[in-house]
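A.B. asks: Structure of the sequence below:
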Amino acid sequence: MISATDLRKGSKFMYRNEPYIVLDYQHSKQARGRALVQVKVKNMITGSIVTDTLRSDEKFQIPDLQHRPMQYLYAEDGMYNFLDQDNYDQVVLSEDQIEDVKPYLKEQAIYDMLYFSEQPIAINPPLFMELEVTNTPPGVKGDTAQGGGNKPATLETGLVLQVPLFVDIGDILKIDTRDAKYIERVKK
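C.D. replies: Residues are numbered from 1 along each chain as shown. So this is what the prediction gives:
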């Protein structure tokens, strides 16, 4: 059990019989009254965001969430197939279930799938991925006044991001998946 006053940003708890994650919270105490906790929470199944006020003495169950490593296999007819690395079961997700991770879907890569009540509810890419550049304009020395410029690059998954001028087609780049940022060029 977790009390309303123990909720923090990123806390997961059962609310209205579904798992929620705290996006923002504010603890307030009114004169001659009990303390209240104003929370902005996101439903981990539907993705809906709710703002609510909780009494400080309310207690909530901690959801039974499980993380499982899943290997991305292939996409077919708008459905995405993953292989459970523990028991080798195949899991099929729809396009709206993988919407947030779609720019990072690479065949044979391992992803973290979040389960609630034996149902997949979210999928997360690794923190860093190595992806190949499939299209980028040539970088010409002297294009910038200070010598350090950026240009757009399209990666093998379709993700477009800003990269340094020295990056060429065929280069492998290390990408931070939390904010879609270029980290470094990887040697082949």
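A.B. asks: switch to C-alpha atoms for all contacts and neighbour counts from now on
C.D. replies: Will do.
A.B. asks: tell me the centre residue of the chain?
C.D. replies: residue 124 (4.8 Å; Cα atoms, centre = their mean).
A.B. asks: In terms of pLDDT, where does the residue of the chain most remote from its centre sit?
C.D. replies: Most distant from the centre of the chain: residue 32, at 42.2 Å, with distances by Cα atoms, centre = their mean. On pLDDT, residue 32 comes in at 70.
A.B. asks: who's in contact with it?
C.D. replies: The contact partners of residue 32, taken as Cα atoms under 8 Å, 6 or more residues apart in numbering, number zero.
A.B. asks: in the protein, what spans have low per-residue confidence?
C.D. replies: Applying pLDDT under 70 to the chain picks out residues 31, 140-148, 188.
A.B. asks: Show me the domain layout of it.
C.D. replies: Using automatic domain parsing, the domain parsing of the chain gives 2-60, 65-126, 129-186.
A.B. asks: before we move on, the earlier item: compute the distance between the residue farthest from the centre of the chain and residue 163, please.
C.D. replies: 57 Å (Cα to Cα, to the nearest Å).
A.B. asks: next one: residue 125
C.D. replies: 21 Å.
A.B. asks: coming back round to it: so the residue nearest to the centre of the chain makes contact with residue 110?
C.D. replies: No - counting by Cα atoms under 8 Å, residue 124 stays clear of residue 110, with 9.6 Å between them.
A.B. asks: For residue 152, the count of nearby residues, please.
C.D. replies: By other Cα atoms under 10 Å, 15 other residues sit near residue 152.
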